[in-house]
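S.K.: Based on what follows, work out the 3D shape:
(one chain, ligands or ions: 1)
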Amino acid sequence: MSLAYSPSKPLPLSQVAAWDIDTDVAIVGFGIAGACAAIEARQAGAAVTVFEVAAAAGGNDDGSGIRMGLSVGGAAIHMEQFFATRPFYPPGDLVKGIFVNELGQRFINEDAYHGRVTRYMIRQPNDRSWLLVDNSLFGRPVIKPDITIAAAGDTWEEVETELGLPAGELVHTVDTYNRHAAQGLDPLWHKHADYLKPLVESPFAAISYCGRDFGGNAFTLGGLSTLPTGEVLTPEGKVIAGLYAAERCACGIPRWGDGYSSGMSLGDASFFGRQAGLSAARRQA
Ligand SMILES: Cc1cc2nc3c(=O)[nH]c(=O)nc-3n(C[C@H](O)[C@H](O)[C@H](O)COP(=O)(O)OP(=O)(O)OC[C@H]3O[C@@H](n4cnc5c(N)ncnc54)[C@H](O)[C@@H]3O)c2cc1C
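M.R.: Predicted coordinates for the structure are as follows:
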């Protein structure tokens, strides 16, 4: 490198005249996994160089790591799986509302993890769903205070009409829910009794979780196929010597969108990031 370079002095890409760096372990991306790998590899005695495109570490996870792995023969697996969320709580009282689709029917227990609920929202006809709440529960999700209130009324019939749902369906759904909730039961979806409350205090509202109103956040759970050491595998299951991947570049522990929950990524990143850094350092030793 022609410019003055030191590992502690980041160099803007525009000032890099030529790539000529000797290092034991090169880490692309200083996110959680990259940082854990770098620390572990350095502690194992390796010379470590980190390449990071952004001014601040983390985020900007755009799949380019997976594509880099594919370009040298790596296999990507479970690419159809993803995490998605339109968080509808906090406030916690919103969990006591009920979601209905455009048929006026419930489709999940609302006390499930918000990512799981969102996966079921997306599957509803035309990605249209609304959270029904009464006056005692009404609130706006903290993450989206400008959320669309799709309908409001003094009766559930008014809300149903304003949403343009088939006559009687939403009303029937709410009646059935209220009748059982009053007894602390939810025989259809088994929501926990702590979150059951008849929706009887007017005015009533339908908060929109339709895809067109609330895009939400998502990331892939698929990625490069790896061993627990972080070594990347080909489609035939052979190790690609010297190539390691972890966390969002890899298909790690969370690999099923419906079963994902918060913490699975950070655990995956810190554990397998460290494993990858250690493996890479040991290979050079
Ligand atoms: C909204 C949201 C909420 C989340 N909440 C949770 C949670 O509660 N619990 C949990 O466990 N997980 C959560 N996650 C997931 C978790 O944050 C990510 O899975 C994790 O940060 C991914 O770590 P990573 O090291 O693979 O990538 P990142 O942390 O995204 O880091 C990737 C790094 O690589 C850099 N980079 C990208 N391309 C290049 C390139 N070509 N060259 C050099 N550098 C590059 C980026 O700038 C970035 O710094 C959440 C994610 C999102 C988006």
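S.K.: Near the ligand, which residues of the stretch 1-150 of the chain are found?
M.R.: Contact residues (CB under 6 Å from any ligand atom) of the stretch 1-150 of the chain with the ligand: 28-34, 51-54, 57-61, 64. Using the backbone N, CA and C atoms, a C-beta is placed for each residue, glycine as well.
S.K.: Derive a ChimeraX selection command for the buried subset of those.
M.R.: A single ChimeraX command selects the buried members of those (16 or more other CB atoms under 10 Å):
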select :29,30,31,32,33,34,52,61
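S.K.: Out of the residues of the stretch 1-150 of the chain next to the ligand, which sit inside helices?
M.R.: 32, 33, 34, 64 (DSSP state H).
S.K.: By residue count, what's the longest helix in this protein?
M.R.: helix 264-284.
S.K.: anything in it sitting right up against the ligand?
M.R.: Yes - Helix 264-284 lies within reach of the ligand by CB under 6 Å from any ligand atom, at 264, 265, 266, 269.
S.K.: In the stretch 1-150 of the chain, what residue comes closest to the ligand?
M.R.: residue 31 (1.8 Å; CB to the nearest ligand atom).
S.K.: correct me, but that residue touches residue 61?
M.R.: Yes - judged on CB atoms under 8 Å, residue 31 makes contact with residue 61 at a distance of 6.7 Å.
S.K.: so what's in contact with the two at the same time?
M.R.: By CB atoms under 8 Å, 6 or more residues apart in numbering, residue 31 and residue 61 have these common neighbours: residue 248.
S.K.: Sketch out the low-pLDDT regions of this protein for me.
M.R.: 1-11, 57-59 (pLDDT under 70).
S.K.: please redo it, this time with the cut-off set to 50
M.R.: 1-5 (pLDDT under 50).
S.K.: Okay, strands next: where are they in it?
M.R.: Assigned by DSSP state E, the strands in the chain fall at 25-28, 48-51, 76-77, 82-85, 98-101, 129-133, 149-153, 204-208, 217-220, 223-224, 231-233, 239-244.
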